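S.K.: Got a sequence here, can you model it:
(2 chains)
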Amino acid sequence: MATQATTHTPARTGAQVRISKKRDLSLGKQVLYQAMLLAIAFIVLFPILWVVSLSLDPRNISRPTELNLIPPGASFKAYQAVMDKPTNNPVTFTQLAFNSLKLGAGIALFSVLIGVSAAYVFSRFDIPGRRFLMLAVLTVLMLPAIGTIAPLFVLLNKVPLGNTSLRDSLLGVGFAIISGALPFAIWNLKGYLDTIPRDLEEAGRIDGASHNQVFFQIILPLAIPALAVTGFLGFLTGWTEFALSWQFLTHPTDFTLSMALWNMTGQYAGQVPWSNFAAMSLLVAAPVAVVYLALQKYIIGGLTLGSVK
Amino acid sequence: MAAITKERLVPPSGFRRRWNRSSATRTAWLYLAPAFIIMGIITFYPLFYQVWMSLTNYGIASLNPNSPRYVEPAFVGVQNYAQIFTGELPVAIANFNFWNVLAFNLLWTFTNVPFHVVIGVLIAVLLNVKGLWFKRFYRAIYILPIVLPSLVIAVVWRNMFDSQYGAINQALSAIARLFGGDPVTVRWMEQVDPIIRLGPLPLPLSYFALLICNIWLGWPFMTIVATGALQSIPGDLYEAASIDGASSRQSFFKITVPLLRPAMIPAAVYGIVATFNLFNLIYLMSSGGPLRQTEILVTTAYRLVNEQRLYGSAAAFSVIIFFVLLGLTLVTNRITKATERYDA
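M.R.: Coordinates of the predicted model:
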């Protein structure tokens, strides 16, 4: 790449004028490109605008019959209705959200706190068996979450909890999610830790710091952004988890936002007005979307890093 | 301080070296222990248990040992695997054929990812044009499909493809009305008759609806990866090419494409695995229907647990998924390695 670039440099000066002229985008092209980009923006925004407009529809029609960005007499009635009682089950939005929050926060904290020290070992220590253990973690990562649902269901069902089993509780669903989220957190954090230069640690070690001091006082502070991002991804997994909770949970008081949202969808919800469904979608999506937007630079960097390794 | 500096200058004795090394090793094991003890219980043990389950007739009667009707799961060898491959499961599932599901799953993956990569790269190139207005505005909008939870996207698109009240048919009707046509009532999710047949593989309208939704969902990630790579291509290359009389099409195919390749291939591999296992989208949008024509491996495995309650068969199915994924990963890695040297 570098050689290609340099071999052509002598010729450049001669044609400098022609190039600088070419760089400016002609008005015709500018308009053409703007039109294309606007069309793409419209396609991207279309479903979002549709849900927003549905959610504001005050007429409480069971089904939408026309496309309107701001429906006549727009109101937040649907949001009010969803807040009170989103599904036919006697649970409020707050209860559902609290359950989702418990799953999300639990998975975020647990996977990061337990995962980071293992990630540090994978990133820095050359112990016997390291390659084997890393391969074990990678193998688990390859399997989708659904791939272990049968044994997790059967095993958690054997653990008694109150008058039911661990399977039929948020705690059990949390364990089942962590079974996949912890290996992911380890691998993701290892990717980040690999990018932290070793100079600081070596300096610390020369100054007589113990392994623990290096880890807690040098590595962890440097890794805070990575911990935050991995924690957020764990939170996202718990907040939007559907398959395991749908399979495991039977008590409406344990249900999560995603389960309620699925209950309100399309053909299965003849009783649910579409404005309520739309309001619910936005309420589920909004909190995580906002955080995602704020952290996007780090998250995408991490994901591509992970796939390159 | 001084003592440590001295120690570094003098080569450590054998004992010292071993002590240092073993202290590092002890720390390493200590740091690994919490994660591996927990994974041992909730990750690795269930995986081994799954292999054992896949060799038994584990069913609903084996769930509760305290129940009077408890049946000890019996070892049945590879019976579950044989039943999956022949389609004769203990509880009959209508229209179940493992090979069709596998073929559809592969077709689903390899029709989606090329769209994501090509559209993603083209839009990234368009956004990278020098002197273009409102770049930041477009980038901010184009990230939206990534930041919304896939669960929400799936249920929203499910409703958008509703045959009577969905936004897609309403938009098509509005266009049709402009030309004096009738309202459009395409039965996106319900129409059973396939649009095309690829050999024994029927492709219903719901496949195309899923494809449209997943293209909407998938390209922005590729655009972000491609944008990063584009910005690291030195502008000199394009200048040099234009001096040598290369057209913009030539510089796209001779400079942009080869230099994007190292970034796009890992992203595409990531996309292939993610699309292959895209549970949320398919389960929540088409539910694998109509007539199981859009079922993929993970949705089938879920149904075996959730609807048929054949835990032994589901375990066998998951073991099969594992080996299919292993094969897929090895093949894509091999292709990646083979195409790694773009200058060859």
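S.K.: Just give the nearest non-adjacent residue to B:Asn214, would you?
M.R.: B:Asn112 (5.3 Å; Cβ to Cβ, 6 or more residues apart in numbering or on different chains). Quick note: C-beta positions are derived from backbone N, CA and C, even for glycine.
S.K.: avg pLDDT for the strand or helix carrying that neighbour?
M.R.: Assigned by DSSP states H and E, B:Asn112 belongs to helix B:98-127. Mean pLDDT, computed over helix B:98-127, is 94.
S.K.: How about it, which residues are buried there?
M.R.: Within helix B:98-127, the residues that count as buried by 16 or more other Cβ atoms under 10 Å in any protein chain shown are B:98, B:100-102, B:104-106, B:108-109, B:111-113, B:115-117, B:119-125, B:127.
S.K.: got the contact list for the residue nearest to B:Asn214?
M.R.: The contact partners of B:Asn112, by Cβ atoms under 8 Å, 6 or more residues apart in numbering or on different chains, come to B:211, B:214-215, B:218, B:271, B:275.
S.K.: State the pair within these that is farthest apart.
M.R.: B:Leu211 and B:Gly271 (14.1 Å; Cβ to Cβ).
S.K.: the more surrounded of those two?
M.R.: In this view B:Leu211 and B:Gly271 are compared by other Cβ atoms under 10 Å in any protein chain shown, and B:Gly271 has more residues nearby, 24 against 16.
S.K.: Give me the distance between that one and chain A.
M.R.: As judged by Cβ to the nearest Cβ, to the nearest Å, B:Gly271 and chain A stand 9 Å apart.
S.K.: From what I see, that residue and B:Phe115 are in contact.
M.R.: No: using Cβ atoms under 8 Å as the test, B:Gly271 is too far from B:Phe115 to be in contact (10.2 Å).
S.K.: so what's in contact with these two at the same time?
M.R.: B:Gly218.
S.K.: circling back to that earlier point, what's the offset of the helix holding B:Asn112 from the middle of its chain?
M.R.: Relative to its chain's centre, helix B:98-127 lies at 10 Å (Cα atoms, centre = their mean, to the nearest Å).
S.K.: for stretch B:188-199, same thing?
M.R.: Taking Cα atoms, centre = their mean, the mean C-alpha location of stretch B:188-199 is offset from the chain mean by 23 Å.
S.K.: and it, which residues are buried?
M.R.: In stretch B:188-199, counting by 16+ other Cβ under 10 Å, buried: B:188-190, B:194.
S.K.: How many residues are close by B:Ser251?
M.R.: 18.
S.K.: which SSE is it in?
M.R.: If you go by DSSP H and E, B:Ser251 is part of helix B:248-251.
S.K.: could you give the mean pLDDT of that helix?
M.R.: On average, the pLDDT along helix B:248-251 is 88.
S.K.: repeat for stretch B:72-79
M.R.: For stretch B:72-79, the mean pLDDT works out to 88.
S.K.: Buried by neighbour count: which residues of that stretch qualify?
M.R.: Buried residues in stretch B:72-79 (16+ other Cβ under 10 Å): B:73, B:79.
S.K.: just stretch B:251-264 next, same as before
M.R.: For stretch B:251-264, using 16+ other Cβ under 10 Å, the buried residues are B:251-252, B:255-256, B:259-260, B:263-264.
S.K.: Which ones among these also lie next to chain A?
M.R.: For chain A, the contacts drawn from the buried residues of stretch B:251-264 by Cβ under 8 Å from any Cβ of the partner chain are B:259, B:263.
S.K.: Tabulate the buried residues of stretch B:188-199 (JSON lines), appending pLDDT, secondary structure and distance to chain A.
M.R.: Formatted as JSON lines, these follow (pLDDT from 0 to 100; DSSP: H, G, I helix; E, B strand; the rest coil; distance: Cβ to the nearest Cβ, whole Å):
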{"residue": "B:Trp188", "pLDDT": "87", "secondary structure": "coil", "distance to chain A": "11"}
{"residue": "B:Met189", "pLDDT": "85", "secondary structure": "coil", "distance to chain A": "8"}
{"residue": "B:Glu190", "pLDDT": "83", "secondary structure": "coil", "distance to chain A": "9"}
{"residue": "B:Pro194", "pLDDT": "83", "secondary structure": "coil", "distance to chain A": "21"}
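S.K.: Let me know the closest of these to A:Leu96.
M.R.: Nearest member of the buried residues of stretch B:188-199 to A:Leu96, counting by Cβ to Cβ, is B:Met189, at 26.3 Å.
S.K.: residues in contact with that closest one?
M.R.: By Cβ under 8 Å, 6+ apart, the residues touching B:Met189 are B:158, B:161-163, B:205-206, B:209, B:285-286, B:289-290.
S.K.: what's the answer for A:Leu233, then?
M.R.: With contacts defined as Cβ under 8 Å, 6+ apart, A:Leu233 is in contact with A:184-185, A:188, A:299.
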